[in-house]
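Visitor: Give me a 3D structure for the following:
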Amino acid sequence: MPDVEFEMIAQTLFGLEGVLSTELAAIGAKDIDAHNRAVSFVGDIGCMYRANLCLRTAVRILVPIETFVIRNEQELYDKVFTMEWEAYMDVKDTLAIHCTLNSDRFNHSQFLALRTKDAIADRFREKTGMRPSVDVDLPTLRIFLHVHGDRCTISLDSSGSTLHQRGYRDQTNLAPINEVLAAGMVLLSGWDKQSNLVDPMCGSGTILVEAAMIAYNIPPNHDRAQFGFERWKDFDADLWKRTYDEAMAKVLTKGPAIVGGEISPNVSRKAVANILNAGLEDHITVNTCAFADLDVPEGPGVLIINPPYGERMDQDEDINAVYKMIGDTLKKKWAGWTAWVITSNMEAAKHIKLTPKPKIKLYNGALDCRFLRYELYAGSRRRDPVEV
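Guide: All right, here's what the predicted structure looks like:
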């Protein structure tokens, strides 16, 4: 029944739990509770559809269906075997199982996933004489097993492939930023969606595209081929169409200036290609130039910068000089703006020679980063003390 409410978990990246909670409230979710890299909430099937379509900072939407205590692998098998899997899939359907562990009692996630698969297959064999098959790429049912201590939670993945895969990014550079992280940075910046937004080191254009989709109220996953829930037995095609159409009806046609700069002509072409893929070529301008040479748009705005961190630079390149250039350019040309810089290289960041407040902890992949805010006051030539 579409109006029955149930618990869901939206997985996210570290540091984005707060903005994800705000997003969930905006789509009508209830009982929102932030955890580490996840936010739990309550809603109906329509809310689950909206969450997958509209949430910008969610990695996937899980639906817990069973929680129990296990002391060994056999207890896991026995508990899974008793679950009514025929309510979720048929024997001719396929499944895939993903297991995460945070437990001293268990240390082999793949073995627990295998035992879970065996229990489901054996149940079907007992009832039908046949076993369902595994399909790790495009299963009918993707099952998540999470074991914390001796507590096991089994969830269904309503998203399918991870939600950061928006579909527009065919071209990437060496270290593309995750789409979910890019959207989270735009939301964390407090940008009003009306003033200018500039990414002067835009790489393959991810921050620009995510900012444009935020400004124009475009659902981030509107162009997705298929969600996991579309393969479920209880998929409501009519409800999904209404949900999709309602979200697309809220897309705006007018918005702010969104500008990118990229010094490499090759990388700049990749950004333009991705912007075209996203259908946002009328809303985003990319300039092939160095940050120091980028023209400042009229009026105030927000800069979001993802500079090199130094990990991939040639030995003869000076990472400190890059950050000094950023600081010099901000002070010389961008007075009245607010700049945000994400970096894992806090020593190099000192060479910006401005005081960042706040410093938000985020992870870019496995790199421990800080998202640094610099308020560029107009009319002041005072050099702020360094505080990194």
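Visitor: so what's A339 up against?
Guide: Residues near A339 by C-beta atoms under 8 Å, 6 or more residues apart in numbering: V302, L303, I304, I305, L330, R373, Y374, L376. Quick note: C-beta positions are derived from backbone N, CA and C, even for glycine.
Visitor: any idea which element it lies in?
Guide: Using DSSP states H and E, A339 maps to strand 338-343.
Visitor: What confidence value was assigned to D137?
Guide: Per-residue confidence (pLDDT) for D137: 90.
Visitor: Now the closest residue to F106 other than its chain neighbours: which helix or strand?
Guide: Excluding the flanking residues, the one nearest F106 by C-beta to C-beta, 6 or more residues apart in numbering is V147, at 5.7 Å. According to DSSP H and E, V147 maps onto strand 141-148.
Visitor: ok, that strand: who's next to it in the sheet?
Guide: Counting by DSSP bridges, the strands paired with strand 141-148 are strand 94-102 (parallel), strand 151-157 (antiparallel).
Visitor: Of the ones you listed, flag the one that's most buried.
Guide: Highest mean neighbour count of those: strand 151-157, a mean of 20 (counted as mean count of other C-beta atoms under 10 Å).
Visitor: Beyond that one, next helix or strand please.
Guide: helix 179-188.
Visitor: After the biggest helix by length in the chain, which helix or strand is next?
Guide: Longest helix in the chain by number of residues, with DSSP state H as the criterion: helix 109-128. Next helix or strand after helix 109-128 toward the C-terminus (DSSP H and E): strand 133-134.
Visitor: Give me the packing partners of that next one, helices and strands only.
Guide: If contacts are counted by 3 or more C-beta pairs under 8 Å, 6 or more residues apart in numbering; DSSP states H and E, strand 133-134 sits against strand 94-102.
Visitor: mean confidence for the strand it packs on?
Guide: Average pLDDT, strand 94-102: 95.
Visitor: With stretch 31-49 instead?
Guide: Stretch 31-49 comes out at a mean pLDDT of 98.
Visitor: hmm, who's touching that stretch?
Guide: With contacts defined as C-beta under 8 Å, 6+ apart, stretch 31-49 is touched by 2-14, 17-18, 20-21, 24-25, 27-30, 51, 61, 63, 158, 229, 234, 236, 239-240, 243-244.
Visitor: Can you tell me, leaving aside adjacent residues, what's nearest to the spatially most central residue of the chain?
Guide: In the chain, the centroid-proximal residue (C-alpha atoms, centre = their mean) is V180; its distance is 2.1 Å. Of all residues not flanking V180 in the chain, H164 sits nearest, at 4.4 Å (C-beta to C-beta, 6+ apart).
Visitor: Can you pull out the low-pLDDT segments for the protein?
Guide: In the predicted model, the chain carries pLDDT under 70 at residues 1-2, 171-175, 312-316, 379-388.
Visitor: Go again with 90.
Guide: For the chain, the stretches with pLDDT under 90 are 1-3, 102-105, 107, 167, 169-176, 299, 310-317, 377-388.
Visitor: in stretch 213-230, what counts as buried?
Guide: Neighbour counts using 16 or more other C-beta atoms under 10 Å place 213-216, 218-222, 224, 227-229 of stretch 213-230 among the buried residues.
Visitor: Fine, thanks again, bye for now.
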